[in-house]
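J.: Turn this into a structure:
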Amino acid sequence: KQLAERASNYTEVSLDKKMLAFASRFMNDSDDAEGKRIVSKLNGVYVRSYEFDKPGQYTAADLDAIRRQFNSAEWEPMVKTRSRDASDDADIYMKLVNDQVEGMFILDAESKELNFVYISGPIRPEDLKDLSGNFGIPSDAYAMSKAKDKTQKKADTATPKFVADEDADFEFCEGVIEQI
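T.: Sure thing, here's the model as predicted:
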């Protein structure tokens, strides 16, 4: 909410499982068949986009507060890029449950624009190409994940086992959304 107050324009998209099912009916059956299949498995898609009149209207502390939400055992950082002047930073986190990806969070920070995408449910980075441009997900989300993935390789670490909990996932998402 604090970022929205400082932004010159902002967009908020909140689609739970029911709204995704409804929205997917408007996808083209032949062109978006794979996208519809992916969406049918998701619990929700939450997007926040903020445009600012000038650089410096959000701080590194604002971003760090959001990043701290993903410092837990079940969230693994997949991509982290930082520019010297903080004008083009990005993070991609994957939620791993029993060695399966059950969520993804993308933070894309530019000098006058911030984008956050939280996808709840089974998703693979390559699925973004079928979802980009739909449901408020930026059309370049897949390209961003591929380009920035090449700049950093994920360390091979042992991942604890967790059981997916859709209600807890939604509450977590709501907590992150409140921070934004």
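J.: Pretty sure residue 110 sits against residue 90.
T.: No: Residue 110 lies out of contact with residue 90 (C-beta atoms under 8 Å); the separation is 9.2 Å. (Each C-beta comes from the backbone N, C-alpha and C, glycine too.)
J.: which one of these two has more residues nearby?
T.: A direct count of neighbours by other C-beta atoms under 10 Å for residue 110 and residue 90 places residue 90 higher, at 20 against 16.
J.: Relative to residue 119, how far out is that one?
T.: Residue 90 sits 16 Å away from residue 119, going by C-beta to C-beta, to the nearest Å.
J.: just residue 43 next, same as before
T.: 9 Å.
J.: Looking at the two, which one has more neighbours?
T.: residue 119 (28 against 20).
J.: The more buried one: helix or strand, and which one exactly?
T.: Following DSSP states H and E, one finds residue 119 within strand 113-120.
J.: Equivalent analysis for residue 103, please.
T.: Here residue 103, judged by DSSP H and E, is contained in strand 100-110.
J.: what distance separates that strand from the middle of the whole chain?
T.: How far strand 100-110 lies from its chain's middle: 3 Å, per C-alpha atoms, centre = their mean, to the nearest Å.
J.: Buried ones in the strand holding residue 119, by neighbour count?
T.: Residues of strand 113-120 classed as buried: 113, 114, 115, 116, 117, 118, 119, 120 (neighbour count, 16 or more other C-beta atoms under 10 Å).
J.: name the helices or strands packed onto it?
T.: In this structure, strand 113-120 makes packing contacts with strand 44-51, strand 100-110, helix 166-179, judged by 3 or more C-beta pairs under 8 Å, 6 or more residues apart in numbering; DSSP states H and E.
J.: Okay, buried residues for the first one please.
T.: Applying a neighbour-count criterion of 16+ other C-beta under 10 Å, the buried positions in strand 44-51 are 44, 45, 46, 47, 48, 49, 50.
J.: hey, where'd the helices end up in the chain?
T.: Ranges of helices within the chain are 2-6, 17-24, 33-41, 60-68, 128-131, 141-149, 166-179, based on DSSP state H.
J.: where does this structure have low pLDDT?
T.: Judged by pLDDT under 70, the chain has its weakly predicted residues at 31, 130-180.
J.: which one in it is furthest away from the centre?
T.: residue 30 (26.2 Å; C-alpha atoms, centre = their mean).
J.: how close does that residue sit to residue 11?
T.: With the distance defined as C-beta to C-beta, residue 30 ends up 28 Å from residue 11.
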